[in-house]
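In: Give me a 3D structure for the following:
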Amino acid sequence: MVANPRLLLAEPDVATIHTLSLNELSTRALSRRVEHVRDDPRIPLCVKLEGAVLRTGTTAELAIALVRHRPWMLFPLLAWMFLGTGAFRERVAERAALNPASLPYRKPFLAFLQREVAKGRRVILVARARPEVAEAIARHLGLISAIVEIDHDVADPGEGIAKKLCAQFGTGDFDYAGFGPSDIPVWRTARRSVIVAPSPKLLKNRIWNSQTADIVCPDDRGTGRYVDALRPGRWIKNLLIFLPLLNATYRNDPHFLVKAYLFFCVYCMIASAGYVLNDMIDLVADRRHATKRKRVLALGRLPIPHGFVLALSLLASGFALALFLSPRLAGWMAVYLALSLSYSLWLKKTLFIDTFALTALYMHRVLTGALLVWSAPSLWQMLFAGFFFFSLANLTRYGELKGARLPGNKRATRARAYRRGDLDFLAGFGLASGYLSAFLLVIYAFEPEARALFRSPVALWNLWPILIYWVTRVWMQARRGNVPDDPVLFALDDKASLLLGLGAVAVVLVALFVKLPLFVL
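Out: Modelled structure (predicted):
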């Protein structure tokens, strides 16, 4: 590793190289391949920064860092997009800083580079990023001998890289490690090709009929990454919209059932858009987290621009459907989105207010069900839901803070305002709220409202031991460090929680449809 990776390289016959066509350069490279020895350490290895070394793009990372630290810069960012790629890259880089240690690198490829450097080969970084960004990454890696800067404004980036490398090292006198179809022109002019995480479509290209290549890293970009980004496991929370179905009047109305399902679809689309935006905002923090670093955006499996387009598509579809169903629903979902983004940007960094914000996000779903029937929500429903979800919100924060304190775990990302001594405080509030919600169920069974909805309202008493046991058990698991993030996701993976959930559903169904004799109760 040289002191300054921006090494000045000789450029033989530059004028001639740039006048030749890609086919002519490819023909020259073919003749040179025969002359070279397979493992000649004198042949430099040129590696593409974005896609090969990194799983992500530096400009997108800078833009996310800028919005994360200065959210009001989102609107100038959207305006800069119309100025062109080069102008956008320059303006973002002037205002944002990037920490190379926080970027998602392809570790198997870095191991490959380390082996090549150990053989005495020079590794040349081919970067379209700003010089200071590329230099910072090169210094962090400690493997780079020089940097070749590529212009962003060339009509064909692949051909531009090919001619630049041929001018610097000679046609067929360098190896090239690339990532995708845009690198095919460079591979055609290189001595040997290294393909990093190739897609099946790339491997079917005709270039490989006459050229051999080394493949490093498997392709992990499958279509499932888009589904993973949506976090469909969290859609179970949106089932709270269907609470009005407890009323037989709505339950037997087919028109209402279709409308409720469409409300549910709207909520899932807009909530998933919020999850994608939250993951982009929390990229750096998630990469330091013990479990969240496996998310598709944090890993770089889903490029940031693709995530942004996915979020915008979900928002456009969700709000279009909401407007079709009811303008009030569209406005109500805008409130949810504003609260979700406020939580991601600010509220999660505050002490105790973050738990109220999480509770409000849960309660928003309950109130959406009330909006569906256009009637005021039940006081007892609101009291039970408020205390129960406040318990879950404290459990979320407790689990994250507790997980951060376990040996070998990364630091938590959202528990920044809390200290170690706050664990007992959170547990006290969470347990008290959970037990109070169970107590409210017992009182509710005696209310006229319960007698109007349920044929055997007293059967709801059986929910009390189920809820008390589950609250106690899940908090005990959290104390042992087994609930590191979302308690709902924990419950979905926990057999005991699933059995308790099935028991609770059975109790509610019996209370709704079965008239039990008093002696049974």
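
In: which residues of this structure score low on pLDDT?
Out: 1-25, 27-28, 30-39, 152-155, 221-223, 403-416, 518-521 (pLDDT under 70).

In: Can you spell out the domain ranges of it, please?
Out: 14-56+103-216, 223-351, 378-521 (automatic domain parsing).

In: Would you mark the buried spots in stretch 135-146?
Out: Neighbour counts over stretch 135-146 (16 or more other CB atoms under 10 Å) mark Glu135, Ala136, Ile137, Ala138, Leu141, Leu143, Ile144, Ser145, Ala146 as buried. Any C-beta I mention is one placed from the backbone N, CA and C, and that applies to glycine too.

In: cool, stretch 286-298 as well?
Out: Buried, per 16+ other CB under 10 Å, within stretch 286-298: Asp286, Arg287, His289, Ala290, Lys292, Arg295, Val296, Leu297, Ala298.

In: From the structure, what's the count of residues near Leu361?
Out: Residues lying near Leu361 (other CB atoms under 10 Å) number 18.

In: swap that for Met73, sorry
Out: A count of nearby residues for Met73, using other CB under 10 Å, gives 17.

In: Skipping adjacent residues, who's closest to it in space?
Out: Of all residues not flanking Met73 in the chain, Leu66 sits nearest, at 5.2 Å (CB to CB, 6 or more residues apart in numbering).

In: Correct me if wrong: that neighbour contacts Phe75.
Out: No: under the criterion of CB atoms under 8 Å, Leu66 makes no contact with Phe75, lying 11.8 Å away.

In: Would you mind telling me which of the two has the busier surroundings?
Out: Leu66 (22 against 9).

In: Remind me which helix or strand the more buried one belongs to.
Out: helix 58-69 (DSSP states H and E).

In: How about Leu113?
Out: Element membership of Leu113, judged by DSSP H and E, is helix 107-118.

In: Partner strands of the next helix or strand after that helix and their direction?
Out: Counting by DSSP H and E, the next helix or strand C-terminal to helix 107-118 is strand 123-127. Paired strands of strand 123-127, with direction, are strand 45-48 (parallel), strand 146-149 (parallel) (DSSP bridges).

In: ok, then the element right after strand 123-127?
Out: helix 131-141.

In: Could I get the full set of strands for the chain?
Out: Secondary structure of the chain (DSSP state E): strands at 45-48, 123-127, 146-149, 175-178, 192-196, 213-216.

In: Give me the buried positions along the third one.
Out: When you say that, I think you mean strand 146-149. Buried-residue list, strand 146-149, by 16+ other CB under 10 Å: Ala146, Ile147, Val148.

In: Do I have it right that the first one meets Ala134?
Out: No: applying CB under 8 Å, one finds Ala146 not in contact with Ala134, separated by 10.5 Å.

In: what sits against Leu310?
Out: Tyr226, Ala229, Ala273, Val276, Leu302 (CB atoms under 8 Å, 6 or more residues apart in numbering).

In: Among those residues, name the buried ones.
Out: When the contacts of Leu310 are checked for burial by 16+ other CB under 10 Å, the buried set is Ala229, Ala273, Val276, Leu302.

In: Show me which of the residues you listed is closest to Asn209.
Out: Nearest to Asn209 among the buried ones among the contacts of Leu310 is Leu302, at 31.8 Å by CB to CB.
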